[in-house]
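Asks: A structural model of the following input is requested.
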Amino acid sequence: KIARAREHGDLKENGDYHAAKDEHGHMEGRIRQLESILENVEIVEPPTDGTVGFGTIVTVLYDGDDPSMAESYLIGHIEEKCENAEVMSPTSPLGAALLGAKKNDLVTYAAPNGNLKVKIVETRQQ
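Replies: Below is the predicted model:
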């Protein structure tokens with residue numbers, strides 16, 4: 001894109017050129033971010049005993065909510081994808097509180113507006 005945009009003449013007023021340079025810069029930054037992730041990755045086996053850990057999909061129900069309002073989260077890195085659950089960082093307040101818990105446990109965590117309680121409805125592996 002940059003080479004094609006250069007062909008359009010004066011670079012000072014060439015919007016395509018500047019847009020291509022910006023896009024190139026964003027891609028270079030993303031590449032560095034992914035390289036850093038790959039350099040620091042640690043393979044962790046998900047727990048098989050029903051406890052919540054990395055790679056666990058956990059369904060929780062907030063204290064006082066109707067059972068139909070249960071929410072599912074994949075405990076893992078934000079780069080992970082899960083079709084039926086949002087990704088929850090294990091370092092977030094809720095993610096950290098869920099680690100090591102099991103089905104039917106009631107877990108409390110600190111939220112900006114005070115402590116919240118969730119009940120673990122289900123755990124499963126992705």
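
Asks: what count of nearby residues applies to residue 120?
Replies: Per other C-beta atoms under 10 Å, the neighbour tally for residue 120 reads 21. For the C-beta atoms, the positions are set from N, CA and C on the backbone; glycine is no exception.

Asks: what's the helix or strand for it?
Replies: Per DSSP states H and E, residue 120 falls inside strand 114-125.

Asks: buried sites along that strand?
Replies: Using 16 or more other C-beta atoms under 10 Å as the burial criterion, the residues of strand 114-125 that qualify are 116, 118-120, 123.

Asks: looking at these, which one is closest to residue 17?
Replies: Distance to residue 17 across those (C-beta to C-beta) is lowest for residue 116, with 50.5 Å.

Asks: how about the nearest residue to that closest one, chain neighbours excluded?
Replies: What sits nearest to residue 116 in space, not counting adjacent residues and going by C-beta to C-beta, 6 or more residues apart in numbering, is residue 109, at 6.0 Å.

Asks: does the one you found count as helix, strand or coil?
Replies: Put simply, residue 109 is strand when judged by DSSP: H, G, I helix; E, B strand; the rest coil.

Asks: right, and residue 119 touches residue 64 too?
Replies: No - using C-beta atoms under 8 Å, residue 119 is not in contact with residue 64, being 10.3 Å away.

Asks: picking up where we left off before, quick one, what contacts the residue nearest to residue 116?
Replies: Residue 109 sits next to 93-94, 96-97, 115-116, 118 when contact means C-beta atoms under 8 Å, 6 or more residues apart in numbering.
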